[in-house]
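[1] How does the following fold in three dimensions:
(one chain, ligands or ions: 1)
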Amino acid sequence: MSVRVRYAPSPTGSPHVGNLRTAIYDWLLARKEGGQFLARLEDTDRTPERYRPEGIYEIEESLRFLGILPDEWWVSEGAVGPYVQSERLELYQKYAEQLMQTGHAYRCFCTRERLDAMRLEQQEKKQPTGYDRRCRSLTPEEVQANIDSGLTSVVRLAMPREGVTILKDVIRGNISYENRLQDDQVLVKTDGYPTYFLACAVDDHHMGITHILRGDDWLSSAPKLVQVFTALGWEPPLFAHPPLILGADKKKLSKRHGSTTFVDFINQGYLPEALFNFLVLLGWSAGDENKEILSIPEIIERFTLEGISEHPAIFDYDKLKWMNGHYIRASQPGRIIGMCIPYLIKAHLIADPPTPEELDYLRKVLPLEIDRMKLLSEAPELVSIFFKELRFPDGYDEKAIAKWLSADHVVRMLKKEITAFSALSDWTEANLEFETRQITEELGLEFAKVIHPTRVAATGKTVGPGLFETLEVLGRDRTLSRMQSVLDVLSTQTESGGHYLVN
Ligand code: GLU
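    From the prediction side, this is the model:
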């Protein structure tokens, strides 16, 4: 039988990185085994704070971004659709009836008030909370009478009172649960919508799912799901619960640690292959712990469900950034330029859409900064010195001015440089360096005493890519007008008897 796996997100908000990790594992298993990867929307929880249909598009975009398109899903449909649970209500209804007729489920008419009071009492007595099964013993006549008198009801699973339920988990082995400790789970709510337990079992059976991969928060309620399969006379699929994802402090990953929604990472400028590589390794290892950079074909080749650990995985934000930097450097510069454009437009450094001149300039500027870039969203800050209008002292770093532009030789140096650079017939890195070395000699200084103030005068900063390649890319006009603006201010200050001082 060919492997069929599904990613079953609920549209409760923006998808979490942990969910996408599970989706990647699903996809990998399908690709590895030559099977199919499905996605199904589990939208049966209609409570306003949990039903956020606008999150559906983010779910789709996240899968597209990672390049793990389902073979069958609500976007392209398939043979066993619809792939949206709210469009399959009749099917759940049919199986709820079947479960009631076979004695595996029953109608429960208990009111919210009664259930709340019961829970409170159980909590006060420090007893396990759960339904006391009062309606389980109603006769068919009593049930009918309740319905006739207009009472609302839910359908509950009649969990066996004895014995054990075995969960077959590929990662954790067989887990045994005592049935008497399990609650009689609600399967159909008062609004007629099924809960996860009924809808999931019905769909996984009808969609031919062979392996259920899902978050480990579902582990404790697993016997209830297994019992629904069994009560309907179906063999449950195999399960795999990848491990919990923790922050550096070993607490469950949450907003306190940093971003947790997948879309946040896309927006910060992580590359698809970096997120893919990083998320795969959160709980899975290729057998060689030291090998961290893995291509997708390599991962497919080595992937097995058994290789997933049951031990919690730590989400190391620094490692993800490092990995992203690696993939940025490994990319075609043109691809990175294209990916940086939206960030530069947003920062108003270039027009929307960029002009041909801006694109031309960007093709020269960005390669100078790619080595330092870890996130695409850092692009505006990294390239701003090439785009910003700089007029001394506006836009100049105050510390850089104090450190490098207050020395005695700076005015003389700038005068010589401006004269020599203006006379260059070819504005090239090599010519600029040659002239600067000449001037250094004429001034009888160390090279460092010249290049640092020159960099500050031309870029407003102390750090950046190689000075002469920076000047070449900046171009004659920008470089000279910036240096001249420094000279103008400094020469008035020195004429009036002092160095340029920062207020
Ligand atoms: N809709 C469930 C969730 O989002 C799916 C769990 C499962 O994959 O079975 O957690």
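
[2] alpha carbons only for contacts and neighbour counts from here, please
    Noted.

[3] residues contacting the closest residue in space to Gly460 that isn't next to it in sequence?
    Residue nearest to Gly460 in three dimensions, not counting chain neighbours: Tyr396, with 4.1 Å by CA to CA, 6 or more residues apart in numbering. Residues counted as contacts of Tyr396 (CA atoms under 8 Å, 6 or more residues apart in numbering) are 390, 456, 459-461.

[4] Which of the residues you listed sits closest to Lys94?
    Lys461 (70.8 Å; CA to CA).

[5] what's the closest non-adjacent residue to Gln484?
    Once flanking residues are discounted, Gln484 sits nearest to Ile418: 7.4 Å by CA to CA, 6+ apart.

[6] picking that back up, looking at the contacts of Tyr396, which is nearest Ile245?
    Nearest to Ile245 among those: Lys461, at 40.3 Å, using CA to CA.

[7] my read: the closest one touches Asp394, true?
    No - using CA atoms under 8 Å as the test, Lys461 is too far from Asp394 to be in contact (12.0 Å).

[8] Which one's more surrounded, those two?
    Legend: neighbour count by other CA atoms under 10 Å for Lys461 and Asp394, higher for Lys461 (21 against 10).

[9] Can you give me the pLDDT of the residue of the stretch 301-450 of the chain at minimum distance from the ligand?
    Sorted by distance to the ligand under CA to the nearest ligand atom, the residues of the stretch 301-450 of the chain start with Leu305, at 15.5 Å. Looking at Leu305, its pLDDT is 96.

[10] The one 3 residues further on too?
    Note on Ile308: pLDDT of 97.

[11] Please apply the same query to Val502.
    Note for Val502: predicted pLDDT of 49.

[12] To what extent is the residue nearest to Gln484 buried, counted in neighbours?
    Neighbour count of Ile418, defined by other CA under 10 Å: 16.

[13] what residues are up against it?
    Ile418 makes contact with 480, 483-484, according to CA under 8 Å, 6+ apart.

[14] Same question for Phe37.
    4-7, 26-27, 30, 70-72.

[15] so Tyr396 sits in a strand?
    No - under DSSP: H, G, I helix; E, B strand; the rest coil, Tyr396 sits outside any strand and is assigned coil.

[16] Next, format the contacts of Tyr396 as CSV and append pLDDT.
    Output for the contacts of Tyr396, formatted as CSV (pLDDT from 0 to 100):
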residue, pLDDT
Leu390, 95
Val456, 98
Thr459, 97
Gly460, 97
Lys461, 95
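
[17] Closest to the ligand out of these?
    For these, the nearest to the ligand is Lys461 (48.4 Å; CA to the nearest ligand atom).

[18] residues contacting the closest one?
    If you count contacts by CA under 8 Å, 6+ apart, then Lys461 has 396-397, 400, 455 around it.

[19] so which strand or helix has the spatially closest residue to His311 that is not a sequence neighbour?
    Once flanking residues are discounted, His311 sits nearest to Pro243: 5.7 Å by CA to CA, 6+ apart. Assigned by DSSP states H and E, Pro243 falls within no helix or strand.

[20] what sits against Pro243?
    Counting by CA under 8 Å, 6+ apart, Pro243 touches 215-216, 283, 309-313.

[21] try it again with 10 Å
    Going by CA atoms under 10 Å, 6 or more residues apart in numbering, Pro243 touches 18, 22, 171-172, 214-217, 282-284, 308-313.

[22] With Glu292 instead?
    By CA under 10 Å, 6+ apart, the neighbours of Glu292 are 277-278, 281, 285-286, 319, 323.

[23] mind saving the C-alpha coords of the one helix or strand Arg335 maps to as PDB?
    If you go by DSSP H and E, Arg335 is part of helix 333-346. Provided in PDB are the C-alpha atoms of helix 333-346 (Å, rounded to 0.1, in the frame of the first residue of the first chain):
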ATOM      1  CA  PRO A 333      23.500  37.200  -6.200                       C
ATOM      2  CA  GLY A 334      20.700  38.100  -8.600                       C
ATOM      3  CA  ARG A 335      18.200  36.000  -6.700                       C
ATOM      4  CA  ILE A 336      19.200  37.700  -3.500                       C
ATOM      5  CA  ILE A 337      18.900  41.100  -5.100                       C
ATOM      6  CA  GLY A 338      15.300  40.200  -6.300                       C
ATOM      7  CA  MET A 339      14.400  39.100  -2.800                       C
ATOM      8  CA  CYS A 340      15.800  42.300  -1.200                       C
ATOM      9  CA  ILE A 341      13.900  44.700  -3.500                       C
ATOM     10  CA  PRO A 342      10.700  44.600  -1.400                       C
ATOM     11  CA  TYR A 343      12.600  45.500   1.700                       C
ATOM     12  CA  LEU A 344      14.400  48.400   0.000                       C
ATOM     13  CA  ILE A 345      11.200  49.700  -1.400                       C
ATOM     14  CA  LYS A 346       9.600  49.600   2.000                       C
END
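
[24] Stretch 371-391 spans what distance, first to last residue?
    28 Å (CA to CA, to the nearest Å).

[25] Kindly report the same for stretch 271-289.
    Taking CA to CA as the measure, stretch 271-289 stretches 23 Å from start to finish.

[26] What pLDDT does the model give the nearest residue to Phe387 once chain neighbours are set aside?
    Spatially, and ignoring its direct neighbours in sequence, Phe387 is nearest to Leu349 (6.1 Å; CA to CA, 6+ apart). Per-residue confidence (pLDDT) for Leu349: 97.

[27] helix, strand or coil for Asp217?
    Three-state assignment for Asp217 (three-state DSSP): helix.
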